[in-house]
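Engineer: test case, fold it:
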Amino acid sequence: MELALICVRQVAALFVMIFAGFVCVRTGVVAMDAKKAFSDLLLGLVAPCMILNSYMAEFDWRTLQNLLLAGGLAVLLQGTAILAARLARPLFHGGEAPILRFGCIYSNAGYMGFPLVAALFGQEGLLYASAYLTVFNLLLWSHGCMLLDRGENGEPAPLAVTMRNAVTNPALLAVPIGLVIYCAQIPLPAVLATPIQMIGDMNTPLAMFITGMMIAGSDLKAVVRSAGVWKVIGMRLVAVPLVGFVLCALLGVSGMAPQVVVLLEACPTAAVTSVFSIRYGYDEQLAAGSVVLTTLLSIATLPVFAGLVQSFL
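Structural biologist: Take a look at the predicted model:
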């Protein structure tokens, strides 16, 4: 019951932020054209600050082994999600297939997952969640960008171009910088650490606000009727986390680290999906619909997976 209440509170908070963006556009407080500027701000400044802030933690050798296990499992499960989305390519048709596959692969682990992990496992669980987030960010800002990047003619951009865009992305550059800060335990002065944390804390609210803006200009009935969105729901909330759970069980790993990783894999579609749809020119309505509907339905699916990992891993 407690876990279910935590899920409901997190989802309710997300929908309040989405509703704020929706109302601001519909009442004329914010112009629809502003969503491009907001998305550029999120990807160029807010997300890198959030990533840097996640590494400003005390290094503990006692948990190093489990941190490495969590990181290894994150690589395995994220790689499995990428493979599953690739095998499911026949399910997604047309020019919007990449953004739908992106929605299947990448979860909203940071906002939805971390509060659940904190409630279930405490501070130690959050350390393992940070290991997962490191792998997640590396893949999101490299593979994720490469998956979505298309040339002007609608064809995939050349590999060299997408690789250059990925490695020069501010969010991806923040990962090695953050790792150095964490491993070397470099103390940042408060005059830097405080604004980095405050700007990073804008990540989820801003992403949800942008999602609300897009919904304000969307046909919600068409979103609910979209077969593509429901395929994303099935992959993101059921198939991908279930395969991850089975893999961990077959490998015989148990304890807090695999429990945390599977729970983060079971989170709804990443909020940044909506933002990426703007940057790379995909159907914003489909992207926003995937975020909103998977977030809503995760109220039912997240407690199920939490029960599974606690009972069998």
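Engineer: contact partners for residue 59?
Structural biologist: Going by Cβ atoms under 8 Å, 6 or more residues apart in numbering, residue 59 touches 182, 183, 185. C-beta here means a position set from N, CA and C on the backbone, and glycine is covered the same way.
Engineer: A helix includes it, no?
Structural biologist: No - under DSSP: H, G, I helix; E, B strand; the rest coil, residue 59 sits outside any helix and is assigned coil.
Engineer: so residue 278 makes contact with residue 33?
Structural biologist: No - using Cβ atoms under 8 Å as the test, residue 278 is too far from residue 33 to be in contact (11.3 Å).
Engineer: which residue of those two possesses the greater neighbour count?
Structural biologist: Shown here are residue 278 and residue 33; by other Cβ atoms under 10 Å, residue 278 has more neighbours (20 against 8).
Engineer: quick check: residue 186 vs residue 274, distance?
Structural biologist: Separation of residue 186 from residue 274 (Cβ to Cβ, to the nearest Å) stands at 34 Å.
Engineer: higher neighbour count, those two?
Structural biologist: Counting neighbours by other Cβ under 10 Å for residue 186 and for residue 274 shows that residue 274 has the greater number, 35 against 11.
Engineer: now that one, nearest residue through space, not along the chain?
Structural biologist: The shortest distance from residue 274 to any non-neighbouring residue, by Cβ to Cβ, 6 or more residues apart in numbering, is to residue 211 (4.4 Å).
Engineer: just residue 140 next, same as before
Structural biologist: residue 106 (5.7 Å).
Engineer: go on, residue 139?
Structural biologist: residue 78 (5.4 Å).
Engineer: thought the one you found was touching residue 136?
Structural biologist: Yes - Residue 78 is in contact with residue 136 according to Cβ under 8 Å; the separation is 6.6 Å.
Engineer: quick one: the helices in the stretch 201-313 of the chain, in order.
Structural biologist: With helices called from DSSP state H, counting those that start in this stretch, the stretch 201-313 of the chain shows them at 203-216, 220-225, 227-234, 240-251, 256-265, 272-279, 284-312.
Engineer: and the fifth one, what's its mean pLDDT?
Structural biologist: Mean pLDDT, computed over helix 256-265, is 92.
Engineer: check the fourth one too.
Structural biologist: Across helix 240-251, pLDDT averages out at 94.
Engineer: go on, the shortest one?
Structural biologist: Along helix 220-225, the predicted confidence averages to a pLDDT of 80.
Engineer: I'd like the next helix or strand past the worst-scoring helix or strand of the chain on mean pLDDT.
Structural biologist: Across the helices and strands of the chain, mean pLDDT, DSSP states H and E gives its lowest value to helix 159-167, namely a mean of 67. With elements assigned by DSSP states H and E, the helix or strand that comes after helix 159-167 is helix 170-183.
Engineer: circling back to that earlier point, the residue nearest to residue 140 against residue 267, yeah?
Structural biologist: No - Residue 106 lies out of contact with residue 267 (Cβ under 8 Å); the separation is 9.6 Å.
Engineer: look up how far residue 280 lies from the nearest residue to residue 11 once chain neighbours are set aside.
Structural biologist: Excluding its sequence neighbours, the residue lying closest to residue 11 (Cβ to Cβ, 6+ apart) is residue 299, at 5.4 Å. Distance of residue 299 to residue 280, given as Cβ to Cβ: 30 Å.
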